[in-house]
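> Quick one, what's the 3D model for this:
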Amino acid sequence: MRIHFISIGGSVMHQLAIALKRKGYEVTGSDDEIFEPAAGNLKKEGLLPARNGWFPGLVTKDINAVILGMHAKQDNPELAKAKELGLKIYSFPEYIFHESLHKKRIAVGGSHGKTTTTAMIMHALKNMNFDFDYLVGASLYGFDQSVKITDAPVIVCEADEYPASTIERRPKFHFLFPHIAVLTGIAWDHINVFPTFDFYLEQFVIFINKFKKNGFLIYNETDEVLKDLVEKNARKDLNYIPYSLPQHTIVNGITTVDVGNSKTDLKVFGNHNLLNLQAAYLVCKELGMEDEAFAKAIATFEGAAKRLELVAQKNNCNIYRDFAHAPSKVKASINAVKEQFPDKKLIAVLELHTFSSLDKNFMSEYKGAMDKADEAIIFYSKHALELKRMNFLEPEVVKNGFQKENLEVITERKNLEEKLKSYSFNNTNFLFMSSGNYDGMNILTTLNI
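Numbers count the residues shown, from 1 in each chain. Sure, this is the predicted structure:
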């Protein structure tokens, strides 16, 4: 098999390229810019292009498949050459399905919790020496890749609802056709992709209608929007397994949870993670795993990168980093830390970085999201707005949207650094939430850790 990647430097694309090379395929690729860690990973595997740019000469008629990344534009010269030669062109999820035609497919979808739920399933299966492939959108402890493609009988996929490629605008999860699927919840986000909530909901209905006959849908019944959608679009040829918050206790900052007939202490916390755990448990149960085995495995799960990740401790103070940026994710992360440590002051810092979060018309969706924080800071940089070609977002618009008393809005990195340096660590937790990097600020250096 000969495979060519157009836009090989993507965070997940380059991982797929490496996985296919390890499977024994001949892999080539190109991109107009490749950053770390993708560049180093590709170089280590002998897949880093000799130079940046697009080279139609690399696209020849003996190529079995061309995989097109999101970064490539519709007028890409290599894409034009592939079309001219009549080559088979796949988006990333289309190719994943192609490689998993004879596997049992597990897809984890939903507006939030996809990565962590997928990671929990993978962690438990690995602990049981279960043979499986996977696709997940983050770095995970114990896994050197975020994509693995072999001849394993099962594949576990994080099922993203965003567009598949520049020429295939349908959501990625429409191409997975699962036998077992999880839906963690529905909360509207990314209005630049899904301009209305009804349009967003429709994508989940289509996803359900693509399940394999006699498949299993494991869904979060505590999410009223999701519960209503599932009930209104029920298929008679599917098996429905609703789930809710498992029984648990919190003592001295440690969560103990019931897993079927077993109990275990956890290294992660928060109601959202308990819901994720329950979904992962039900998937593993469908794959034949016993309660005790899952409980033993999940006790050692430390979370995915940037998902309530404990990055440092100082003077009885915890510093957490989280990928949260959408309203529901921000609220869940803040509530989790506050409920786990009710007697500690919580300072929450949220960077607005995505198109939706910087859109004044979306700001009202954040109402109440930071209410449980003792002190709340919103940061966004003029540089990020300029890169996205967006108008300046007035701080008053942000304050009116969040409706949080004493909310502080900061738009300069140096002012954020000064504010953070003014805090005491005494009986305090910090929670940093962002899909960006605070305009290049090093959190730990700023806090003098």
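
> Assess the claim that His383 and Asp439 are in contact.
Yes - counting by C-beta atoms under 8 Å, His383 does reach Asp439; the two are 6.1 Å apart. C-betas here are computed from N, CA, C, even on glycine.

> Neighbour count: these two, which is higher?
Comparing His383 with Asp439 by other C-beta atoms under 10 Å, the one with more neighbours is Asp439, at 19 against 12.

> Residues contacting whatever helix or strand Thr445 lives in, please?
Per DSSP states H and E: Thr445 is located in helix 443-446. With contact meaning C-beta atoms under 8 Å, 6 or more residues apart in numbering, helix 443-446 is reached by Val311, Ala312, Ile319, Arg321, Glu417, Leu420, Lys421, Phe432.

> Alpha carbons of that helix, in CSV - could you do that?
The C-alpha trace of helix 443-446 is given here as CSV (Å, rounded to 0.1, in the frame of the first residue of the first chain):
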residue,chain,number,x,y,z
ILE,A,443,2.2,29.8,33.9
LEU,A,444,4.6,28.2,36.2
THR,A,445,7.4,30.8,35.7
THR,A,446,4.9,33.5,36.3
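
> i'd like the first residue to be 54 from this point on
Understood, numbering begins at 54; the last thing we discussed is helix 496-499.

> how far does that helix sit from the chain's center?
Remark: helix 496-499 is offset 25 Å from the chain centroid, using C-alpha atoms, centre = their mean, to the nearest Å.

> again, but for stretch 274-286
Counting by C-alpha atoms, centre = their mean, stretch 274-286 is centred 22 Å from the centre of its parent chain.

> just stretch 282-302 next, same as before
Distance, centroid of stretch 282-302 to centroid of chain: 22 Å (C-alpha atoms, centre = their mean).

> low-scoring stretches of this protein, by residue?
Judged against pLDDT under 70, the chain has no low-scoring part.

> what's the domain layout of it?
Taking automatic domain parsing as the reference, the chain has its domains at 55-140, 148-351, 362-499.

> Tell me, how many residues neighbour the closest residue to Ile61 other than its chain neighbours?
Closest residue to Ile61 apart from its sequence neighbours, by C-beta to C-beta, 6 or more residues apart in numbering: Gly82 at 2.9 Å. Number of residues near Gly82 (other C-beta under 10 Å) recorded here: 25.

> again with Ile61
What Ile61 shows, counting by other C-beta under 10 Å, is a neighbour count of 26.

> Likewise for Gln127?
For Gln127, using other C-beta under 10 Å, the count is 10.

> swap in the one 3 residues further on?
Pro130 sits with 15 neighbouring residues when counted by other C-beta under 10 Å.

> Could you do Val283 as well?
Residues within reach of Val283, counting by other C-beta under 10 Å, total 23.

> Check the offset of the strand or helix carrying Ala332 from the chain's centre.
For Ala332, the host element (DSSP H and E) is helix 324-339. Put simply, helix 324-339 sits 16 Å off its chain's centre (C-alpha atoms, centre = their mean).

> Identify each buried residue in the helix or strand just after that helix, please.
Next in sequence after helix 324-339, counting helices and strands by DSSP H and E, comes helix 344-351. Within helix 344-351, the residues that count as buried by 16 or more other C-beta atoms under 10 Å are Asp344, Ala346, Phe347, Ala348, Lys349, Ala350, Ile351.

> what's helix 344-351 packed up against?
Under the contact definition 3 or more C-beta pairs under 8 Å, 6 or more residues apart in numbering; DSSP states H and E, helix 344-351 sits against helix 167-180, strand 307-312, strand 315-318, helix 324-339.

> Make a markdown table out of these and add distance to Leu188.
Listed next are these as a markdown table, based on distance: least, C-beta to C-beta, whole Å:
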| stretch | distance to Leu188 |
| --- | --- |
| helix 167-180 | 8 |
| strand 307-312 | 25 |
| strand 315-318 | 27 |
| helix 324-339 | 15 |
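
> Tell me which of the ones you listed is the most buried.
helix 167-180 (a mean of 25; mean count of other C-beta atoms under 10 Å).

> about what we covered before: helices or strands up against the helix holding Ala332?
Against helix 324-339 (3+ C-beta pairs under 8 Å, 6+ apart) you get strand 157-162, helix 167-180, strand 233-236, strand 269-273, strand 292-296, strand 307-312, helix 344-351, helix 380-393.

> Give me the contacts around the first one.
In this structure, residues lying in contact with strand 157-162 by C-beta under 8 Å, 6+ apart are 150, 167, 170-171, 174, 206-214, 226, 229-237, 257, 260, 265, 332, 336.

> strand partners of that strand, parallel vs antiparallel please.
strand 207-211 (parallel), strand 233-236 (parallel) (DSSP bridges).

> out of those, deepest packed?
Ranked by mean neighbours (mean count of other C-beta under 10 Å), the strands paired with strand 157-162 are led by strand 233-236, with a mean of 27.

> does Glu439 sit in a helix, a strand or a coil?
Taking DSSP: H, G, I helix; E, B strand; the rest coil as the rule, one finds Glu439 in the helix state.

> thinking again about what came up before, within the sheet, what are the partner strands of the helix or strand hosting the residue nearest to Ile61, with directions?
Applying DSSP H and E as the criterion places Gly82 in strand 79-83. Here strand 79-83 is paired, per DSSP bridges, with strand 55-59 (parallel).

> Other residues contacting the strand it pairs with?
With C-beta under 8 Å, 6+ apart, strand 55-59 has contacts from 66-67, 69-70, 73, 78-83, 107, 111-112, 115-122, 125, 129, 131-132, 135.
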